[in-house]
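Participant: got a predicted model here, sequence first, then my questions.
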Amino acid sequence: MSKDLYSRNLKLLVPFFDHPSIALQKIEKWSEGSISEAEFVFASWKLRGPAKEWTHLKLPWRPVISVDGSTVYDINDKFKIVRHAESWNISALQAVGQIFTPSHRRLGE
(Lines give C-alpha, C1' and ligand atoms only; values in the text may rest on other atoms or scores of the structure.)
Protein backbone atom coordinates (compact mmCIF):
# COMPACT_ATOMS: atom_id res chain seq x y z
CA MET A 1 0.00 0.00 0.00
CA SER A 2 1.51 3.31 -1.04
CA LYS A 3 1.05 6.69 0.62
CA ASP A 4 -0.88 7.82 -2.48
CA LEU A 5 -3.35 4.94 -2.18
CA TYR A 6 -3.68 5.54 1.56
CA SER A 7 -4.35 9.25 0.95
CA ARG A 8 -6.95 8.42 -1.70
CA ASN A 9 -8.74 6.11 0.75
CA LEU A 10 -8.77 8.85 3.41
CA LYS A 11 -10.43 11.24 0.96
CA LEU A 12 -13.52 9.01 1.14
CA LEU A 13 -14.11 10.56 4.59
CA VAL A 14 -14.06 14.14 3.29
CA PRO A 15 -17.83 14.41 2.59
CA PHE A 16 -18.52 13.92 6.30
CA PHE A 17 -16.23 16.69 7.59
CA ASP A 18 -15.72 20.47 7.41
CA HIS A 19 -12.00 21.35 7.25
CA PRO A 20 -10.84 17.73 7.42
CA SER A 21 -7.27 17.15 8.42
CA ILE A 22 -6.12 13.55 8.45
CA ALA A 23 -2.36 13.42 8.74
CA LEU A 24 -0.54 10.19 8.01
CA GLN A 25 2.21 9.90 10.62
CA LYS A 26 3.81 6.65 9.53
CA ILE A 27 3.18 3.73 7.16
CA GLU A 28 5.23 0.54 7.27
CA LYS A 29 5.04 -2.96 5.82
CA TRP A 30 5.71 -5.69 8.36
CA SER A 31 6.22 -9.42 7.93
CA GLU A 32 5.98 -12.20 10.49
CA GLY A 33 8.63 -14.36 8.85
CA SER A 34 8.96 -15.79 5.37
CA ILE A 35 7.10 -14.47 2.33
CA SER A 36 4.49 -17.23 2.76
CA GLU A 37 3.61 -16.06 6.27
CA ALA A 38 1.26 -13.25 7.21
CA GLU A 39 2.22 -9.77 6.12
CA PHE A 40 0.60 -6.54 7.10
CA VAL A 41 0.79 -2.79 6.70
CA PHE A 42 0.74 -0.56 9.77
CA ALA A 43 -0.34 3.08 9.47
CA SER A 44 -0.58 5.67 12.23
CA TRP A 45 -2.59 8.85 11.70
CA LYS A 46 -4.14 11.91 13.33
CA LEU A 47 -7.63 13.25 12.61
CA ARG A 48 -7.88 16.86 13.73
CA GLY A 49 -7.42 20.36 12.47
CA PRO A 50 -5.25 23.31 13.34
CA ALA A 51 -6.69 25.63 15.99
CA LYS A 52 -8.29 28.03 13.50
CA GLU A 53 -9.71 25.26 11.28
CA TRP A 54 -10.92 22.46 13.53
CA THR A 55 -12.15 19.27 11.90
CA HIS A 56 -15.95 19.28 12.36
CA LEU A 57 -18.53 16.69 11.47
CA LYS A 58 -21.13 18.11 9.10
CA LEU A 59 -23.93 18.17 11.66
CA PRO A 60 -25.94 21.23 12.75
CA TRP A 61 -24.08 21.51 16.09
CA ARG A 62 -20.68 21.10 14.30
CA PRO A 63 -18.93 18.74 16.73
CA VAL A 64 -15.13 18.91 16.74
CA ILE A 65 -13.45 15.58 16.04
CA SER A 66 -9.95 14.89 17.36
CA VAL A 67 -8.57 11.33 17.26
CA ASP A 68 -5.13 9.76 16.99
CA GLY A 69 -5.17 6.24 15.69
CA SER A 70 -3.58 3.41 13.84
CA THR A 71 -4.76 0.91 11.26
CA VAL A 72 -3.36 -2.55 10.56
CA TYR A 73 -4.06 -3.98 7.11
CA ASP A 74 -3.59 -7.75 6.72
CA ILE A 75 -2.23 -8.65 3.27
CA ASN A 76 -2.72 -12.03 1.55
CA ASP A 77 -0.23 -13.80 -0.72
CA LYS A 78 -1.60 -11.83 -3.72
CA PHE A 79 -0.92 -8.55 -1.85
CA LYS A 80 -4.62 -7.77 -1.44
CA ILE A 81 -6.00 -6.35 1.79
CA VAL A 82 -8.06 -9.09 3.43
CA ARG A 83 -8.76 -7.40 6.78
CA HIS A 84 -8.17 -4.15 8.54
CA ALA A 85 -8.41 -3.18 12.19
CA GLU A 86 -8.34 0.31 13.65
CA SER A 87 -7.46 1.47 17.12
CA TRP A 88 -7.92 4.96 18.55
CA ASN A 89 -6.38 6.88 21.42
CA ILE A 90 -9.87 7.43 22.85
CA SER A 91 -12.57 4.98 23.89
CA ALA A 92 -15.73 4.37 21.88
CA LEU A 93 -17.66 6.25 24.57
CA GLN A 94 -15.34 9.27 24.25
CA ALA A 95 -15.75 9.18 20.44
CA VAL A 96 -19.54 9.22 20.78
CA GLY A 97 -19.15 12.04 23.30
CA GLN A 98 -17.26 14.09 20.69
CA ILE A 99 -20.13 13.63 18.22
CA PHE A 100 -22.70 14.96 20.69
CA THR A 101 -20.62 17.86 22.07
CA PRO A 102 -21.32 21.16 20.29
CA SER A 103 -18.15 22.82 19.01
CA HIS A 104 -18.57 26.01 21.09
CA ARG A 105 -17.91 23.92 24.22
CA ARG A 106 -14.75 22.25 22.86
CA LEU A 107 -12.80 25.00 21.12
CA GLY A 108 -10.68 25.69 24.19
CA GLU A 109 -9.08 22.23 24.07
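Facilitator: Right, received. Where do you want to start? Numbers count the residues shown, from 1 in each chain.

Participant: got the phi/psi numbers for Asp18?
Facilitator: Dihedral angles of Asp18 (phi, psi; degrees, to the nearest 10) stand at phi -100, psi 130.

Participant: show me where pLDDT drops low in this structure?
Facilitator: When residues are selected by pLDDT under 70, those of the chain lie in 1-3, 5-7, 9-10, 32-38, 49-53, 104-109.

Participant: mind listing the helices for it?
Facilitator: Using DSSP state H, the helices of the chain run over 3-10, 92-99.

Participant: report the buried residues of the last one.
Facilitator: Meaning helix 92-99. Residues of helix 92-99 include none that count as buried (16 or more other CB atoms under 10 Å). All C-beta atoms are positioned from the backbone trio N, CA, C, and that covers glycine.

Participant: which residues in the chain form strands?
Facilitator: 17-18, 22-31, 39-47, 56-57, 67-75, 81-88 (DSSP state E).

Participant: so which of those is nearest Ser103?
Facilitator: Closest of these to Ser103 is strand 56-57, at 6.0 Å (criterion: CB to CB).

Participant: that closest one packs against which elements?
Facilitator: strand 17-18 (3 or more CB pairs under 8 Å, 6 or more residues apart in numbering; DSSP states H and E).

Participant: tell me the strands beside the strand it packs on, with direction?
Facilitator: strand 56-57 (antiparallel) (DSSP bridges).

Participant: quick one: distance of the partner strand to the chain centre.
Facilitator: 14 Å (CA atoms, centre = their mean, to the nearest Å).

Participant: oh, and call the first residue 42 from now on, that's how I've got it
Facilitator: Okay, using 42 as the starting number, the last item reads as strand 97-98.

Participant: contacts for that strand?
Facilitator: 57-60, 103-106, 140, 144 (CB atoms under 8 Å, 6 or more residues apart in numbering).
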